[in-house]
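*Asks:* using only what follows, build the 3D model:
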Amino acid sequence: GNIDRAVKHFIIAAKLGIDESMQVLKTLYTKRVVSKEDFAATLRAYQEAVDAMKSPQRDAAESAENNIWDTDIIRDSDISV
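*Replies:* Take a look at the predicted model:
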């Protein structure tokens with residue numbers, strides 16, 4: 001019923017590389033809601049999607065974004081409420 005439909009949607013999202021959906025499926029697998037075969041196939045597709053999204057430009061942008069919050073560029077005193 002509804003659980004099967006939800007699982008199918010999580011599988012679709014995980015195959016697109018959505019980490020949160022993969023985490024939900026991992027939990028459902030441990031509770032035996034998702035079969036070993038479905039989980040393994042979805043995990044492979046998830047990893048392929050994540051790998052396909054990797055690029056030097058994306059890595060550099062993510063690193064730059066993380067560095068902004070790790071430095072003193074933005075101070076609490078600069079933010080007024």
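*Asks:* please tell me how far residue 4 sits from residue 53.
*Replies:* With distances defined as C-beta to C-beta, to the nearest Å, the gap from residue 4 to residue 53 amounts to 28 Å. Glycine gets a C-beta too; all of them are placed from N, C-alpha and C.
*Asks:* next secondary structure element downstream of the top helix by length along the chain?
*Replies:* With DSSP state H applied, the helix covering the greatest number of residues in the chain is identified as helix 36-52. Beyond helix 36-52 on the C-terminal side, the first helix or strand identified by DSSP states H and E is helix 56-70.
*Asks:* rounded mean pLDDT for that following helix, please.
*Replies:* Per-residue pLDDT values over helix 56-70 give a mean of 80.
*Asks:* could you do stretch 11-21 as well?
*Replies:* Averaging pLDDT along stretch 11-21 yields 97.
*Asks:* name the residues of that stretch that are buried.
*Replies:* 11, 13, 14, 15, 17, 18, 21 (16 or more other C-beta atoms under 10 Å).
*Asks:* now, the most widely separated pair of the residues you listed?
*Replies:* Spatial extent of these (C-beta to C-beta) is set by the pair 11 and 17 at 12.5 Å.
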